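Chemist: sequence first, then the predicted structure, then my questions.
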Amino acid sequence: MAIAVKLDDLLHDRRMTLTELSEQIGITLANLSILKTGKARAIRFTTLEAICAELDCQPGDILEYHADAAEEAQAA
Amino acid sequence: MSRHYSAALPVAFVLLRILILLNWLGGLAILALLTATLVAEEWTLIALGIDAADPIRPVLIGLRAIAALGLIAVPLNHIVLRRLLAIVDTVRVGDPFIAANAARLQAIAWVLLALQLLSMVIGGIAEAISTPALSVDLDAGISLTGWLAVLLTFVLARIFAEGARMRDDLEGTV
């Protein structure tokens, strides 16, 4: 996947655990783990909004596009 | 899941199991009768009350052909009932929109198509051997509702395939 999720970095910067974030925004730990490990296929705007509100960040701080990975995926 | 459907599933589950058993029992009965008329023709016919002048005697070969075709229908029915039971099982578990169910419905549709063709052949034979003295009425032949069921099952298989794909997408949504 050419879209990388930087949730780990954000949580590290804010000295917060995934469990704490899960409790704060009301999204299950299992779902947040899927998101964090890049296994999610789609993300709801409501999820994005809740994370941004809690971590006081922008969607761009959470998601990142890697052109190299996209080309590799197309070549494969 | 709605409580409204809670009674329908156990009923379907039990009913399908009974039908699977009845299908094989019916098949066994046909096989026994067919074998008896082949191995001990005279004895069987007299046991069934068919005397030498009975109009059934000249068309016996046609009736045997119909019985043999009826035997082919038994494993075909079994495939349909087994697949349907497996689908009902996935509904009970709460996850019917899976690719396996789409494949099962597709298989059921093909078998229903085969059964319709079989029914047409049986209906054809029945008509060919019918005489004014002996009318072979078997409720076989071209059935509009039967063909509609074939079409409906093929469409349903496509719907399930699409549903399974959407379900997959939803599962990966956070």
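Modeler: Received it, and whenever you're ready, just let me know what you need.
Chemist: hey, let's count contacts and neighbours off CA atoms from now on
Modeler: Will do.
Chemist: show me what counts as buried in stretch A:7-27.
Modeler: Taking 16 or more other Cα atoms under 10 Å in any protein chain shown as the basis for neighbour counts, the residues of stretch A:7-27 that come out buried are A:7, A:10, A:18, A:21, A:22, A:27.
Chemist: what mean pLDDT does that stretch get?
Modeler: Confidence for stretch A:7-27, expressed as mean pLDDT, is 93.
Chemist: starting at the chain centroid, how far to it?
Modeler: Centroid displacement of stretch A:7-27 relative to its chain, using Cα atoms, centre = their mean, to the nearest Å, is 10 Å.
Chemist: quote the end-to-end distance of it.
Modeler: 14 Å (Cα to Cα, to the nearest Å).
Chemist: same thing with stretch A:36-49?
Modeler: Distances were taken as Cα to Cα; on that basis the terminal residues of stretch A:36-49 are 16 Å apart.
Chemist: centre of the chain to it, how far?
Modeler: Shown here is stretch A:36-49, whose average C-alpha point lies 6 Å from the average C-alpha point of the whole chain (Cα atoms, centre = their mean).
Chemist: and it, average pLDDT?
Modeler: 92.
Chemist: what residues does it touch?
Modeler: Applying Cα atoms under 8 Å, 6 or more residues apart in numbering or on different chains, the set of residues contacting stretch A:36-49 from outside is A:1, A:4-8, A:27, A:34, A:59, B:169, B:172-174.
Chemist: after the helix ranked longest in chain A, next one along is what?
Modeler: Scanning chain A for the longest helix, with DSSP state H as the assignment, gives helix A:45-55. From helix A:45-55 onward toward the C-terminus, using DSSP states H and E, the following helix or strand is helix A:59-62.
Chemist: buried set for that next one?
Modeler: Per 16+ other Cα under 10 Å, helix A:59-62 contains these buried residues: residue A:62.
Chemist: counting neighbours, which bits of the longest helix of chain A end up buried?
Modeler: Within helix A:45-55, the residues that count as buried by 16+ other Cα under 10 Å are A:47, A:48, A:49, A:50, A:51, A:52, A:55.
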